[in-house]
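[1] give me the fold of what follows.
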Amino acid sequence: MSPLAATGGQGRAVADALLGRRARVRGAGARPARKVARELADQGAEVVAGSLSDRGSLAAAMSGVAGVFAFTTPFEAGVEAEVGQGQAILAAAEKMGVPHLVFSSVAGADQQSGVPHFDSKACIEAELAAGDVPHTILGPTYFFDNALGGAERIFSGILDLPLPPDRPLQQLARPDLGEFAAEVLLSPAPYVGLRIELASDAPTPRQMAAALGAVLGREVRHQQVPLTAVTNPDMHAMWTFLNGPGYRVDLPALHAAHPEVRWSSYADWAHHTFPTAAR
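    The predicted model follows:
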C-alpha cells in the first residue's frame, strides 16, 4: 500500500489504520524528515520523499504497490494547481499500473455546488472516471478537526460557525476515514468504481457547543457568524452551500453497512481532543 502524502492529516489516518491491520505501508511526503514521518517509520512504515507536483516522485512511490490512497489540496497553490495534482497522481498511477487507486475527494463535489475547492475535485473525479486506473472515490464531509482552527475562541467560551444554531452539519472523524479507506484498500473488489461519501455524525452548532462545554467544564455558546463576514471567496461559497443544500450522506445506511468502522460521535471526538487540562 502507498498512502500518498502520508504525513498529512488524512494520509496519517489511513497509514495508522493500515499499520493497525499489519499491512505493509509506504508513505510519501514532501518532508520525510519531519516528526510525523519519523513516527510512521518507527511504526514500521517505509517513508519516502514525494511531491504532488512531481510525477517522477509519485511514480517512484507507487512502484510495486497493491493500492494507493491519495488526496489533493488547493489551499497552498489554488484550485488550478489542485487539478494539476490530481492529473499527476492519475498519470503516475497509469504509468506504474497501480491495481487500485483510492482518491479522497469531498462530499458534495457531484452537486455542482459552485464551491471552488469542490469543483476542482469534481474535475479530478471526471478524469479518474475517464481513465483506465481502477479506482474508488471517497467523499469526506466537514472534518471534526476543523474546529481546532478556532480552539482559542472555544477555550474562551465561544464556538464561531456561519450556521444557524439548529442546522445539522455532517462531519467526519479522521480516524473513521482512515478505517474506511483501509478497508477499501485491503478488500478492494466490492468498492472499485464506487463513489462513497462519508460522515461520522451530524450535530447542530448548539449540540457542538454543548459537547465542548461538557468537556471543558464551562459554558461554550455558539455564535452565528454572518455569511457576509466570511470574506474568502472559496470559504464564503462553501458556507453558502452548507447553509443551503449541504451534504447528503445517509448516515444510518452508511453506518449500518460498515459496522467495522467506529463512527465516532462529535461528543467522543471533543472528549479526546479538548482535555480538561486545557481550560
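
[2] report the mean confidence score over the strand ranked longest in the chain.
    Counting residues, the longest strand found in the chain (DSSP state E) is strand 135-140. Average pLDDT, strand 135-140: 98.

[3] run through who's touching that strand.
    10, 100-110, 125, 128, 172, 177, 180-181, 184, 188, 191-198 (CB atoms under 8 Å, 6 or more residues apart in numbering). Any C-beta I mention is one placed from the backbone N, CA and C, and that applies to glycine too.

[4] can you do 7 Å?
    Contact with strand 135-140 is made by 100-107, 109, 125, 128, 172, 177, 180-181, 184, 191-192, 194-198, as judged by CB atoms under 7 Å, 6 or more residues apart in numbering.

[5] alpha carbons only: can I get that strand in CSV?
    The C-alpha trace of strand 135-140 is given here as CSV (Å, rounded to 0.1, in the frame of the first residue of the first chain):
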residue,chain,number,x,y,z
HIS,A,135,-10.4,3.4,-8.5
THR,A,136,-12.7,4.2,-5.7
ILE,A,137,-13.7,7.8,-4.7
LEU,A,138,-14.3,8.7,-1.1
GLY,A,139,-16.1,11.9,-0.2
PRO,A,140,-15.4,13.2,3.3
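
[6] adjacent strands (with direction) for that strand?
    Sheet pairing of strand 135-140 (DSSP bridges) gives strand 101-104 (parallel), strand 195-198 (parallel).

[7] in contact with the closest residue to residue 192 other than its chain neighbours, which residues?
    Distance criterion CB to CB, 6 or more residues apart in numbering; nearest residue to residue 192, sequence neighbours excluded, is residue 134 at 4.9 Å. Residues near residue 134 by CB under 7 Å, 6+ apart: 99-100, 192.

[8] out of those, who's nearest residue 232?
    residue 100 (35.3 Å; CB to CB).

[9] just checking, the closest one touches residue 67?
    Yes - in terms of CB atoms under 7 Å, residue 100 counts as a neighbour of residue 67; the distance is 4.3 Å.

[10] turn the contacts of residue 134 into a markdown table, columns for distance to residue 20 and secondary structure.
    Below are the contacts of residue 134 laid out as a markdown table (distance: CB to CB, whole Å; DSSP: H, G, I helix; E, B strand; the rest coil):
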| residue | distance to residue 20 | secondary structure |
| --- | --- | --- |
| 99 | 22 | coil |
| 100 | 20 | coil |
| 192 | 23 | coil |
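
[11] okay, the residues you listed in a markdown table with pLDDT and neighbour count next?
    Conversion of those to a markdown table gives the following (pLDDT from 0 to 100; neighbours: other CB atoms under 10 Å):
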| residue | pLDDT | neighbour count |
| --- | --- | --- |
| 99 | 96 | 14 |
| 100 | 97 | 21 |
| 192 | 97 | 14 |
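
[12] thinking again about what came up before, give me the next element, helix or strand, following the longest strand of the chain.
    strand 142-143 (DSSP states H and E).

[13] show me where the stretch 101-250 of the chain has its helices.
    116-130, 151-155, 174-186, 205-216, 233-243 (DSSP state H, counting those that start in this stretch).

[14] of those helices, which approaches residue 263 most closely?
    Using CB to CB, the nearest of those to residue 263 is helix 174-186, at 5.9 Å.
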